[in-house]
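Novice: what would the 3D arrangement of this be:
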Amino acid sequence: MKLRRNTKTKRIRKNKRILGQSIEERPAEVEQRQEFGHWEIDTVVGKKDKKDEVLLTLTERKTREELIFRADGKNSQAINTIIKQLRHKYGIPFHQIFKTITSDNGSEFAELSLSVQDEKTTVYFTHPYCSSERGTNERHNGLIRRFIPKGKAISSVSDVTITYAENWCNSLPRRILGYKTPGECFQEELSRLAS
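Specialist: Model (predicted):
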């Protein structure tokens, strides 16, 4: 009996697409959550349909404040539109509120660095298939799933439901915050910036 030799070798793949700075270059103080203004960003997909809308979620690492926006699709244009809306909403102190943003390597975040470049906001990208590097945001996305289950089209979800989910996440007392809510902690940080 003749046996074949195993001639296949394991190939180590490198990420072909380098979107920006790696999470390895992120300062240590971001990891320790001692400083306000460091965010994690992701998209929540309802129905796996390219034409369906998605939710863009941003989570502030220190206060656990959650921002949820409806995006027209899972593409960089839709994400950049929302970032422009955020820049307009927060105005001049945008770079103080959004010092860093950490995202995954999704194609929808391909132009994220360019959209915040003039605002002194640094964007870091996690390693591929390593969602634990944005753990706070992934945890909040799980909380959002209580209101918007997988498989449900985002376009069929009302704005009231999205706002309710955001308010619920931000008014949930957290032990890690000394039983304060993320909303309270976020407002405290904003008032410190204003003074």
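Novice: three-state assignment of the residue sitting nearest the centre point of the chain?
Specialist: Closest to where the C-alpha atoms of the chain average out (Cα atoms, centre = their mean) is Ile41, at 1.1 Å. The assignment at Ile41 comes out as strand when based on DSSP: H, G, I helix; E, B strand; the rest coil.
Novice: return the longest helix along the chain as CSV; C-alpha atoms alone will do.
Specialist: For the chain, the longest helix by residue count, based on DSSP state H, is helix 76-90. The C-alpha trace of helix 76-90 is given here as CSV (Å, rounded to 0.1, in the frame of the first residue of the first chain):
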residue,chain,number,x,y,z
SER,A,76,-17.1,54.0,4.6
GLN,A,77,-19.3,56.8,3.2
ALA,A,78,-22.1,56.1,5.6
ILE,A,79,-19.6,55.9,8.5
ASN,A,80,-17.9,59.2,7.5
THR,A,81,-21.3,60.9,7.3
ILE,A,82,-22.0,60.0,10.9
ILE,A,83,-18.5,61.1,12.0
LYS,A,84,-19.2,64.5,10.3
GLN,A,85,-22.5,64.8,12.3
LEU,A,86,-20.6,64.1,15.5
ARG,A,87,-18.0,66.7,14.7
HIS,A,88,-20.8,69.2,14.1
LYS,A,89,-22.6,68.2,17.3
TYR,A,90,-19.6,68.5,19.6
